[in-house]
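A.B. asks: What would the 3D arrangement of this be:
(one chain, ligands or ions: 1)
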Amino acid sequence: LQRLRARLARSNSAIGKGLLALLSRGKLDEEAWEEVEDTLIASDLGVEAATQLVDSLRTQVKVEGATDEATVRDWLRKDLLELVQPDMDRRIASSRVGIRPAVILVVGVNGTGKTTTVGKLARVLVAEDRDVLLGAADTFRAAAADQLETWGGRVGVPTVRSDKEGADPAAVAFDAVKAGIEQEVDVVIIDTAGRLHNKVGLMDELGKIKRVIEKQSDIDEVLLVLDATTGQNGLQQAKVFAEAVDITGIVLTKLDGTAKGGIVVSVQNQLGVPVKLVGLGEGPDDLAPFDPEAFVDAIVS
Ligand code: GDP
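C.D. replies: Here you go, the predicted structure:
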């Protein structure tokens, strides 16, 4: 956890350093505030949130009179934390419901880190003593099932897959949930394909997977995987997915490779669902629950 914190701090420090350098310059004139706002927008915080934050800080500085850096830093921390919405429920469903396992569907555009996230999440849940089973419903990408199975082997959990490339993803999802019920596991995590050819196609595909799973079980969690480095583009894609299926949480991957941590705020605002997990590297331990306080501290300190 310490290591993850350090990594998160590194990824966000560009925002924080830039901001605090400006704030500590002493002269907070109109130009300086504009620069602060630009820095925040450049971090993918979103124009609305950036404006709101700067307005709030500017008002506080005006009302309280000239202030030292530490005070402004505290205000910034408080305002940022509010924007990150610390009260959102960020728990991941991972307990059996009656005779069935919790079912987690993982969706998102190819390349965002979906399969890797499923593997890492399995590892986190296994460490919490959960029995996990994986479903390889990404049947379009040739190597996806192999990749997932490799993760399963590494983590020590079974993977349900089809040997036929191009098999029906809904059928694999059905089989995975069926196996999960029979084997009495706690959680079934299903990896899906993220072909974003068009909205109707995506809706049809995810809709079918959902309908077929729901013949046996409710779906407890739909996690949308979003690559933090793709910025506004990624946000647009996220919206298309959110229209196709009811998202319950966001996994923001590749936060280690970007100073654009502000995307946490914009994606939560735009989709109205919490960021629940963050990806901070390619390794098996590089997935962490999203911790609003630690996130803001990493930006501000
Ligand atoms: P999928 O197509 O969405 O299933 O994506 P993959 O899981 O295959 O991941 C695509 C690439 O992103 C791989 O090279 C992963 O190792 C890498 N990746 C996934 N998550 C992270 C992350 O949090 N940080 C970094 N740096 N790389 C990641």
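A.B. asks: In the helix or strand harbouring residue 205, which of the residues would be classed as buried?
C.D. replies: Assigned by DSSP states H and E, residue 205 falls within helix 199-213. Buried positions in helix 199-213, judged by neighbour count with 16 or more other C-beta atoms under 10 Å: 202, 205, 206, 209, 210, 212, 213. The C-beta positions use only the backbone N, C-alpha and C, and glycine is treated the same way.
A.B. asks: pLDDT on it, on average?
C.D. replies: For helix 199-213, mean pLDDT rounds to 87.
A.B. asks: Report the distance from that helix to the chain centre.
C.D. replies: Mean C-alpha position of helix 199-213 versus that of the full chain (C-alpha atoms, centre = their mean, to the nearest Å) differs by 21 Å.
A.B. asks: Which strands and helices lie in contact with the helix or strand just after it?
C.D. replies: Downstream of helix 199-213, the next assigned helix or strand under DSSP H and E is strand 221-227. Counting contacts by 3 or more C-beta pairs under 8 Å, 6 or more residues apart in numbering; DSSP states H and E, strand 221-227 is packed against strand 102-107, helix 114-127, helix 231-244, strand 249-253, helix 263-271.
A.B. asks: buried set for the third one?
C.D. replies: Judged by neighbour count using 16+ other C-beta under 10 Å, the buried positions of helix 231-244 are 231, 234, 235, 237, 238, 241, 242, 244.
A.B. asks: Output those as a markdown table; include the columns distance to residue 182.
C.D. replies: Below are the buried residues of helix 231-244 laid out as a markdown table (distance: C-beta to C-beta, whole Å):
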| residue | distance to residue 182 |
| --- | --- |
| 231 | 43 |
| 234 | 37 |
| 235 | 40 |
| 237 | 36 |
| 238 | 34 |
| 241 | 30 |
| 242 | 33 |
| 244 | 30 |
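A.B. asks: Break down this structure into its helices, ranges please.
C.D. replies: Applying DSSP state H to the chain gives helices spanning 2-23, 30-42, 47-64, 69-83, 114-127, 144-155, 169-182, 199-213, 231-244, 263-271, 292-300.
A.B. asks: Pull the contacting residues for the residue nearest the centre of the chain.
C.D. replies: Among the residues of the chain, the one closest to the centroid is residue 251, at 1.7 Å (C-alpha atoms, centre = their mean). When contacts are counted by C-beta atoms under 8 Å, 6 or more residues apart in numbering, residue 251 touches 106, 108, 113, 117, 223-226, 275-279, 287.
A.B. asks: cool, and residue 83?
C.D. replies: 45, 49, 52, 53, 265.
A.B. asks: My read is that residue 185 contacts residue 132, right?
C.D. replies: Yes. Assessed by C-beta atoms under 8 Å, residue 185 is found in contact with residue 132 at 6.3 Å.
A.B. asks: neighbour-wise, which of the two wins?
C.D. replies: Taking other C-beta atoms under 10 Å, residue 185 and residue 132 do not tie; residue 132 has more neighbours (27 against 19).
A.B. asks: and the more buried one, what are its bridge partners?
C.D. replies: Counting by DSSP bridges, residue 132 forms beta bridges with residue 187.
A.B. asks: dump the residue contacts of it.
C.D. replies: 122, 125, 126, 155, 157, 185, 186, 187, 188, 189.
A.B. asks: neighbours of the fifth one, just the number please.
C.D. replies: Residue 157 is surrounded by 21 other residues when neighbours are defined as other C-beta under 10 Å.
A.B. asks: Quick one, grab the pLDDT at residue 69.
C.D. replies: For residue 69, pLDDT reads 73.
A.B. asks: who's sitting farthest from the centroid in the chain?
C.D. replies: Largest centre distance within the chain, by C-alpha atoms, centre = their mean: residue 65, 39.1 Å.
A.B. asks: which regions of the chain lie under the pLDDT threshold?
C.D. replies: The chain contains residues with pLDDT under 70 at 1-27, 66-67, 196-197, 301.
A.B. asks: quick one: contacts for the nearest residue to residue 110 once chain neighbours are set aside?
C.D. replies: For residue 110, ignoring the flanking residues on the chain, the nearest one in space by C-beta to C-beta, 6 or more residues apart in numbering is residue 194 at 4.5 Å. By C-beta under 8 Å, 6+ apart, residue 194 lies in contact with 107, 108, 109, 110, 111, 112, 114, 138.
A.B. asks: I figured the fifth one hits residue 226, correct?
C.D. replies: Meaning residue 111. No. Residue 111 is beyond contact range of residue 226, at 11.4 Å (criterion: C-beta under 8 Å).
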